Every structure is written in structure tokens, then in C-alpha cells.
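Asker: One predicted model, sequence on top.
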Amino acid sequence: MLKILLPIAGLTTAVLASTGFAQAERAVPIPVAKADVPAGAGTQTAVFAGGCFWGMEAVFEHVKGVRAVTAGYAGGKADTATYDQVSTERTGHAEAVRVVYDPRVVSYATLLRVYFSIAHDPTQLNRQGPDSGPSYRSAIFPQDARQAAVARAYIAQLGAAKSFATPIVTRVEQGGFFPAEAYHQNFYDRNPTHPYIVHWDKPKVAAFKAGFPTLYR
């Protein structure tokens, strides 16, 4: 989201529109990952960063097999994991989402495909849409060595296939995940008429539904 949203909705909408970044969203056609994490018993967890966590959360909560999505911060320390501090762009945190999923229904590789195809633009360095700064970087935070290997292999696979017109800048990083403030959780569902949601995130969710109809719920 924009770091400072003007209190008057009409003005906020004007600011969003004036950025010139908004375009019709569509899922980028990319190949299925050649490698995957074996499905184990119970749920598994993935952590992804790729711009404002409102939109990332909205996309992943509509994926079949996903049990819970939490907005938060990853890559920095626990004592700086607050929105005010992360917004300074000096904490090392990225806005991220923690995705708890059932691997018997949806695999880690499938979540990666959604992440790269529609949840964000992996070719934008330290920005997404109207938001800029390292807290909006494209980054994957693997929860174990198998996830790290699959993520790196998929980035290489997409690069070799030239799936995007410009290079992928997604980083594979280490770091803990810290939930964001309560007012950020389920923001998309609780604020359907918010100008940022209408302008940036609703088109993205609609594009996910159109591009991945068998995955959408």
C-alpha cells in the first residue's frame, strides 16, 4: 500500500490513478515447476514477499488447499516488525505473507507458480505497482532446505524459459516471519471498497480466477 494514504477517499483515488502503474491484470503463462517438495502428513508453511501484503494475502486465500494466510514482515528482527518501523525502509523487513496449506491438495511448487504468475511481478526490483522501497521486494523465505532448493530451481527454470520479458529479481532469503498488526489482517475482505483494494487488488484476484480456474475457490 502507499506509505501515506490521504484521509479523503476521493483524493486517495486520485493519487492512485495518477501513479500510472495500474493496468489490466492477467496471469502470466509460465510452466509448471519440474521439482517439488514431497507432501508430508499435516499442513505445511510457505512464506512469500512481493509487494503490499494486502494483495498477496487476497490471492493466496483463494487458492484451493490453503488453510490460512497471515500478513506480516520477514527478513528483519522481531523488535522492528511493526508497520511504522518497516515503513522507514531501514529494518531489512519485507512485507510478506505466511501461507499454511494442505500439501495433499496444493503443492509448494503450485504455490510458487501462483506467486510468480499473478500474486506479484517478479521482475520489479524493490517495488510493486505504486509502492517502492526494499520492504516491497520480491523474496521467498524457505522454511527448510527442500523448499529452498525447489524455489531456486524454479527461478532458474523460468529464467531459462524466458518466461518474462525482463530478468527475475526474486531473492531466496533467510529470516523469521512476524505477523503484522491486526488491522492489516484480512484487509481485502474487510475493506472491499478501499481505493487501494479496488484499484490494485481486486483486478489481481479476478485475474487469478480467470487464469487458474481449477485452483480458485
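Answerer: The structure has been received and is ready for your questions.
Asker: Name the spans of this protein whose pLDDT lies under the cut-off.
Answerer: Along the chain, segments meeting pLDDT under 70 span 1-24.
Asker: could you pull out the strands for it?
Answerer: Assigned by DSSP state E, the chain shows strands spanning 44-50, 66-74, 94-101, 127-128, 131-132, 138-140, 171-172, 177-179.
Asker: Helices along this protein, start to end?
Answerer: Using DSSP state H, the helices found in the chain span residues 9-18, 53-60, 83-86, 108-114, 145-160, 187-190, 195-196, 202-211.
Asker: Tell me which of these lies nearest to residue 130.
Answerer: Residue 130 lies closest to helix 9-18 among these, at 6.3 Å (C-beta to C-beta). Yep, even glycine has a C-beta here, placed from its N, CA and C like the rest.
Asker: What's the end-to-end length of stretch 187-194?
Answerer: 9 Å (C-alpha to C-alpha, to the nearest Å).
Asker: no wait, stretch 203-217
Answerer: For stretch 203-217, the end-to-end distance is 16 Å (C-alpha to C-alpha).
Asker: Show me what counts as buried in it.
Answerer: By 16 or more other C-beta atoms under 10 Å, the buried positions in stretch 203-217 come out as 203, 204, 205, 207, 208, 209, 211, 212, 215, 216.
Asker: quick one on the thing from earlier: can I get the strands of the chain in CSV including distance to residue 160 and mean neighbour count?
Answerer: CSV is the format used below for the strands of the chain (distance: least, C-beta to C-beta, whole Å; neighbours: other C-beta atoms under 10 Å):
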stretch, distance to residue 160, mean neighbour count
strand 44-50, 21, 24
strand 66-74, 27, 21
strand 94-101, 26, 25
strand 127-128, 24, 20
strand 131-132, 29, 18
strand 138-140, 18, 24
strand 171-172, 17, 15
strand 177-179, 30, 18
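Asker: With respect to residue 162, which of these lies nearest?
Answerer: Taking the strands of the chain one by one with C-beta to C-beta, strand 138-140 is closest: 17.7 Å.
Asker: what lines up beside the closest one in the sheet?
Answerer: Sheet pairing of strand 138-140 (DSSP bridges) gives strand 44-50 (antiparallel), strand 171-172 (parallel).
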